[in-house]
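Student: fold the following for me, if possible:
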Amino acid sequence: MKYKEKLLDLILNHDDDALMEWIGIHPELEQVDIFREMTALVEQMAAENGEDVHDTIPNFDTIPHLIDDYEDKILDEKLAEVQYNMAVEAEEKAFEKLEEAYEGIRESVIQGVLENPGNEDMLEVARKIVAIEKDAGAYEPENWIRIGL
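Tutor: Below is the predicted model:
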């Protein structure tokens, strides 16, 4: 029992506030271990005194289930956090790929205009892209300076 000495000290001193404060400073999953150990310790102490803890503490048999539920809640929250972080990371990667593709398209349009200066269709595509960038607040003149847009 990893926490036996500290638990015994706090339990025997009847200092519930100090006990809860001490438990609260530990990481949540460690708190689960502490609660389990405390439950076993209380049961052991009662047995050593010739008592059945189930007779002296009402609903004592529900405590392990409550601890399991608390652990499940912690694990569910940690899983949700990991899934959220993975989704954010996937979104960032997708956005980066989209940006790269967009930059490639922009460069292709610019090259098309430079290679065929008289091609009005390609120049019109470039103007439309510039207009979209301006509407979106993403227009950067240095990207288009080579073709005068």
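Student: immediately after the longest helix along the chain, which helix or strand?
Tutor: As assigned by DSSP state H, the longest helix anywhere in the chain is helix 63-115. From helix 63-115 onward toward the C-terminus, using DSSP states H and E, the following helix or strand is helix 120-136.
Student: list the helices and strands that following helix packs on?
Tutor: Applying 3 or more CB pairs under 8 Å, 6 or more residues apart in numbering; DSSP states H and E, one finds that helix 120-136 contacts helix 63-115. C-beta coordinates here come from the backbone N, C-alpha and C atoms, glycine included.
Student: mean confidence for the helix it packs on?
Tutor: The average pLDDT within helix 63-115 is 96.
Student: what packs against that helix?
Tutor: If you count contacts as 3+ CB pairs under 8 Å, 6+ apart, helix 63-115 packs onto helix 28-48, helix 120-136.
Student: could you check the distance from the most far-flung residue of the chain relative to its centre over to Q111?
Tutor: No residue in the chain sits farther from the centre than G118, which is 53.7 Å out by CA atoms, centre = their mean. Separation of G118 from Q111 (CB to CB, to the nearest Å) stands at 15 Å.
Student: quick check, central residue of this structure?
Tutor: For the chain, the residue nearest the mean C-alpha position is E81 (2.6 Å; CA atoms, centre = their mean).
Student: next, the contact list for the residue nearest to A40 when sequence neighbours are not counted, please.
Tutor: The spatially closest residue to A40, leaving aside those adjacent along the chain, is M1, at 7.3 Å (CB to CB, 6 or more residues apart in numbering). Listed by CB atoms under 8 Å, 6 or more residues apart in numbering, the contact set of M1 reads L7, E37, A40, L41.
Student: greatest separation within those: which pair is it?
Tutor: Put simply, by CB to CB the two of the contacts of M1 set farthest apart are L7 and A40, 9.8 Å from each other.
Student: which residue of those two possesses the greater neighbour count?
Tutor: Between L7 and A40, counted using other CB atoms under 10 Å, the more crowded position is L7 (20 against 14).
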